[in-house]
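> A structural model of the following input is requested.
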Amino acid sequence: MVKQFYECLLLKVAVLILKNRAIQRSSFVSRRDNEKMYAMSEQIENIEIRIRNKYKYRYEER
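Numbering: from 1, shown residues only. This is a model prediction of the structure:
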């Protein structure tokens, strides 16, 4: 339970870093890399949700 909490916390930090990094337009980060970072943040966020739900898959319609 404690390990799960800290894993989720670290994944949330990674998501925040990637999303904040993707929002800021930098002169040395290409648009393609910027979009990839945002896509990675969404994938990590999905992993964090699965860990938090103890890998119980729920297919939700968005």
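
> Take stretch 8-17, keep the C-alpha atoms, and write them as CSV.
What follows is stretch 8-17, C-alpha atoms only, in CSV (Å, rounded to 0.1, in the frame of the first residue of the first chain):
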residue,chain,number,x,y,z
CYS,A,8,1.8,7.0,-7.9
LEU,A,9,3.2,10.2,-6.4
LEU,A,10,6.4,9.9,-8.4
LEU,A,11,4.5,9.2,-11.6
LYS,A,12,2.3,12.3,-10.9
VAL,A,13,5.5,14.4,-10.5
ALA,A,14,6.8,13.0,-13.9
VAL,A,15,3.5,13.9,-15.5
LEU,A,16,3.6,17.5,-14.1
ILE,A,17,7.2,17.9,-15.3
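
> Check what contacts that stretch and list those residues.
In this structure, residues lying in contact with stretch 8-17 by C-beta atoms under 8 Å, 6 or more residues apart in numbering are Ser41, Ile44, Glu45, Ile47, Glu48, Ile51, Arg52. C-beta here means a position set from N, CA and C on the backbone, and glycine is covered the same way.

> can we see that at 6 Å?
Residues from elsewhere that reach stretch 8-17, judged by C-beta atoms under 6 Å, 6 or more residues apart in numbering: Ser41, Ile44, Glu45, Glu48, Ile51, Arg52.

> How far away from the center of its chain is that stretch?
Computed by C-alpha atoms, centre = their mean, to the nearest Å, the chain-centroid distance of stretch 8-17 equals 6 Å.

> buried stuff in that stretch?
Going by neighbour count (16 or more other C-beta atoms under 10 Å), the buried part of stretch 8-17 is Cys8, Leu11, Ala14, Val15.

> Tabulate the residues you listed in TSV, adding columns for secondary structure and pLDDT.
Below are those laid out as TSV (DSSP: H, G, I helix; E, B strand; the rest coil; pLDDT from 0 to 100):
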residue	secondary structure	pLDDT
Cys8	helix	91
Leu11	helix	92
Ala14	helix	91
Val15	helix	90
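
> between those, which is closest to Arg31?
Each of the buried residues of stretch 8-17 was scored against Arg31 by C-beta to C-beta, and Val15 proved nearest at 20.3 Å.

> Thanks a lot, catch you later.
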